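requesting a structural model of the entry that follows:
(chains A and B)
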Amino acid sequence: MKNNLRYILLFIIPLIFQVLIFDKAYFWGYANVYIYILPILLLPITLNKHLALLLGFALGFIVDIFNSTPGIHAAATVFMTYFRPLVLRIYAPHDSYEVNKNLGIINYGFKWFFKYAISLILLHHTFLFIVDTWSFANFGHTILKIFLSCFASLLFIIMGHLLIMKD
Amino acid sequence: MRNLINFIFKYSYTILFIILLVISFIFIFSNSPLQRVSYFNSANRLSGIVSKEWQNIDNYFNLKNINKSLLLENQYLRNNLEKYRNEKVPTIDNISFEYIAGKVINISVNKSNNFICVDKGKKHGIKNEMAVIGTNGVVGTVVSVSENFSTVMPIINKKSALSVKLEKNNYFGSLTWDGNSPSEAILSEIPSYISLHKGDKVITTGFSLIFPEGIPVGIVKDFTINKSDKFYSITVSLFTDFHNLNHVYFIKNNFVDEFNTLESKNKENEK
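Next up is the predicted model:
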């Protein structure tokens, strides 16, 4: 029960930060921070992956409503969530994941989390910015935006992760 | 049949993924940007209220800047008033343009299709296609209205196109945005045989009856000549600072209905 409550907070807190602060802030003139995908990264490994997809869709859709960008965040988050099991498999530690240990820096180390998080953030941001721009006319500009945003998001996601989910 | 069921079970994860992706893409593509905004506006009631409350807090930290810009605008208006007072203007019976002030409660500047949400709606007399200006210059046009809020498509939206002209010689062209910097826009359709200088002022034409004539837009920052079609491609540095937009004015044209009926009559006659 306590764990469930923690996961609900894990969904709501980054969402509040996303809508009230990060949607209005730009870093270095280009980068956007999308911290709202943090709960998807930290979903328990035992969770049904179909349910994870639906959660990703719902989460993206809420962000869409606040941003008046119907479907874009929903599509990007579903896209990222779809590849999560694959990314988890690629970066599986030698003795594989343990069911009762939550995914995160404390249990699997910083290096693991960095690789895992940056892969998923890159998938999410690439999809998001390409769908948002929907043209290859200014591709250099889009690429720059993707990389700067990935870096900024990763920074805040690691910070948020350490603040919300300690173990 | 059994094979089909097996197939669905085996690939249910991917099938669900594709279904959700298709739903998202239907949202992205099915509607024109204008309908899209109005559709989302009903869902936006909540987000509008949240943004408004948040903006109230945010405004306290910005009071100094807001005061400064309002003071500057006051000064500008007083100077203009003084000009008219000296000129002995004949009494104006019917004022064609009215201004309604509004407060920005949500704005994006970093996307390809930016929108601004303002705290005035139908209740305050805002209608679709009204012009919106800021303290320094043009902001955009209203694309959807709900009871208490309205959504404005700023000139820094890829779908936006505004008819503007050069102040010094009245050559007109079309102002669009390329999706890069929120402080610059592209002016095209100015023929290359006229002389052009950096710093030339760009203003609205008033052709559409949405914008009054002569609202400042920006200044020419840079230009190149398209060899192929003999037109300038001009970068305009915009007067409106979208990063720092707090207050806007809606411009209500009292003659727009009359004009529209005339226009539709003309169209009937053409048939």
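
show me the shaky parts of chain B.
By pLDDT under 70, the low-scoring segments of chain B are B:30-48, B:83, B:85-96, B:271.

how about the helices of chain B, start to end?
B:2-10, B:12-29, B:33-87, B:256-270 (DSSP state H).

determine how far stretch B:177-194 lies from the middle of the whole chain.
16 Å (CA atoms, centre = their mean, to the nearest Å).

picking up where we left off before, Serialize the helices of chain B to CSV and add fields for distance to chain A and mean neighbour count.
C-beta: built from backbone N, CA, C; applies to glycine. Converted to CSV, the helices of chain B look like this (distance: least, CB to the nearest CB, whole Å; neighbours: other CB atoms under 10 Å in any protein chain shown):
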stretch, distance to chain A, mean neighbour count
helix B:2-10, 12, 9
helix B:12-29, 3, 16
helix B:33-87, 4, 13
helix B:256-270, 26, 10
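
and the ones you listed: which comes nearest residue B:163?
Ranking those by their distance to residue B:163 (criterion: CB to CB) puts helix B:256-270 first, at 15.4 Å.

ok, which of the helices of chain B comes nearest residue A:63?
helix B:33-87 (10.2 Å).

and the spatially closest residue to residue B:140 that is not a sequence neighbour, what does it touch?
Closest residue to residue B:140 apart from its sequence neighbours, by CB to CB, 6 or more residues apart in numbering or on different chains: residue B:154 at 3.8 Å. Residues in contact with residue B:154 (CB atoms under 8 Å, 6 or more residues apart in numbering or on different chains) are B:107, B:114, B:115, B:116, B:132, B:139, B:140, B:160, B:242.

let's see that with 7 Å instead.
B:114, B:116, B:139, B:140, B:160, B:242 (CB atoms under 7 Å, 6 or more residues apart in numbering or on different chains).

what about these, which are in strands?
Counting by DSSP state E, the contacts of residue B:154 place B:116, B:139, B:140 in strands.

now tabulate these in JSON lines and tack on distance to residue B:236.
Output for those, formatted as JSON lines (distance: CB to CB, whole Å):
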{"residue": "B:116", "distance to residue B:236": "19"}
{"residue": "B:139", "distance to residue B:236": "15"}
{"residue": "B:140", "distance to residue B:236": "15"}
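
closest one of those to chain A?
Comparing the ones in strands among the contacts of residue B:154 against chain A with CB to the nearest CB picks out residue B:116 as the nearest, at 10.0 Å.

hang on, isn't residue A:85 packed against residue A:47?
No. When contacts are counted by CB atoms under 7 Å, residue A:85 is not listed as touching residue A:47 (10.5 Å).

now check stretch A:123-135, is it near chain B?
Yes. Counting by CB under 7 Å from any CB of the partner chain, chain B has neighbours in stretch A:123-135: A:131, A:132, A:133.

do the same with stretch A:17-26
Yes. Counting by CB under 7 Å from any CB, chain B has neighbours in stretch A:17-26: A:20, A:26.

start and end of that stretch, how far apart?
14 Å (CA to CA, to the nearest Å).

what sits up against that stretch?
Contacts to stretch A:17-26, defined as CB under 7 Å, 6+ apart, come from residues A:32, A:33, A:34, A:35, A:36, A:63, A:66, A:67, B:54, B:110.

top of those by number of neighbours, please.
Highest neighbour count within the contacts of stretch A:17-26, by other CB atoms under 10 Å in any protein chain shown: residue A:36, with 27 neighbours.

show me the contacts for it.
A:14, A:15, A:18, A:59, A:63.

mind listing what's buried in whatever helix or strand the last one lives in?
Using DSSP states H and E, residue A:63 falls within helix A:49-67. When neighbours are counted by 16 or more other CB atoms under 10 Å in any protein chain shown, the buried residues of helix A:49-67 are found to be A:49, A:52-53, A:55-57, A:59-67.

cool, stretch B:213-227 as well?
Buried residues in stretch B:213-227 (16+ other CB under 10 Å): B:215, B:216, B:217, B:218, B:220, B:221, B:223.

return the member of these nearest to chain A.
Ranked by distance to chain A (CB to the nearest CB), the buried residues of stretch B:213-227 are led by residue B:221 at 17.1 Å.

ok, the closest one touching residue B:236?
Yes. Between residue B:221 and residue B:236 a contact is recorded at 6.3 Å, counting by CB under 7 Å.

now do the shared contacts for the two.
Going by CB under 7 Å, 6+ apart, residues that sit against residue B:221 and also against residue B:236 are residue B:184.

residue A:163 and residue A:121, how far apart?
18 Å (CB to CB, to the nearest Å).

of the two, who's got more company?
Set residue A:163 next to residue A:121 and count neighbours by other CB under 10 Å: residue A:121 wins out with 23 against 9.

contacts only, for that one.
Contacts for residue A:121 (CB under 7 Å, 6+ apart) come out as A:150, A:153, A:154, A:157.

that one sits in which helix or strand?
Per DSSP H and E: helix A:110-133 holds residue A:121.

averaged pLDDT, that helix. What do you get?
Mean pLDDT, helix A:110-133: 91.

using PDB, list the CA coordinates for it.
Output in PDB follows, covering the C-alpha atoms of helix A:110-133 (Å, rounded to 0.1, in the frame of the first residue of the first chain):
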ATOM      1  CA  PHE A 110      25.100   5.300 -11.400                       C
ATOM      2  CA  LYS A 111      26.700   4.000 -14.600                       C
ATOM      3  CA  TRP A 112      23.800   1.700 -15.300                       C
ATOM      4  CA  PHE A 113      21.200   4.300 -14.700                       C
ATOM      5  CA  PHE A 114      23.000   6.800 -16.800                       C
ATOM      6  CA  LYS A 115      23.100   4.500 -19.800                       C
ATOM      7  CA  TYR A 116      19.600   3.300 -19.300                       C
ATOM      8  CA  ALA A 117      18.100   6.800 -18.800                       C
ATOM      9  CA  ILE A 118      20.000   8.500 -21.700                       C
ATOM     10  CA  SER A 119      18.900   5.800 -24.200                       C
ATOM     11  CA  LEU A 120      15.300   6.200 -23.300                       C
ATOM     12  CA  ILE A 121      15.500  10.000 -23.100                       C
ATOM     13  CA  LEU A 122      17.200  10.100 -26.500                       C
ATOM     14  CA  LEU A 123      14.400   7.900 -28.000                       C
ATOM     15  CA  HIS A 124      11.700  10.100 -26.500                       C
ATOM     16  CA  HIS A 125      13.200  13.500 -27.500                       C
ATOM     17  CA  THR A 126      14.200  12.400 -31.000                       C
ATOM     18  CA  PHE A 127      10.700  11.300 -31.700                       C
ATOM     19  CA  LEU A 128       9.100  14.300 -30.000                       C
ATOM     20  CA  PHE A 129      11.200  17.000 -31.800                       C
ATOM     21  CA  ILE A 130      10.900  15.300 -35.200                       C
ATOM     22  CA  VAL A 131       7.200  15.000 -35.000                       C
ATOM     23  CA  ASP A 132       6.900  18.600 -33.600                       C
ATOM     24  CA  THR A 133       9.000  20.100 -36.400                       C
END
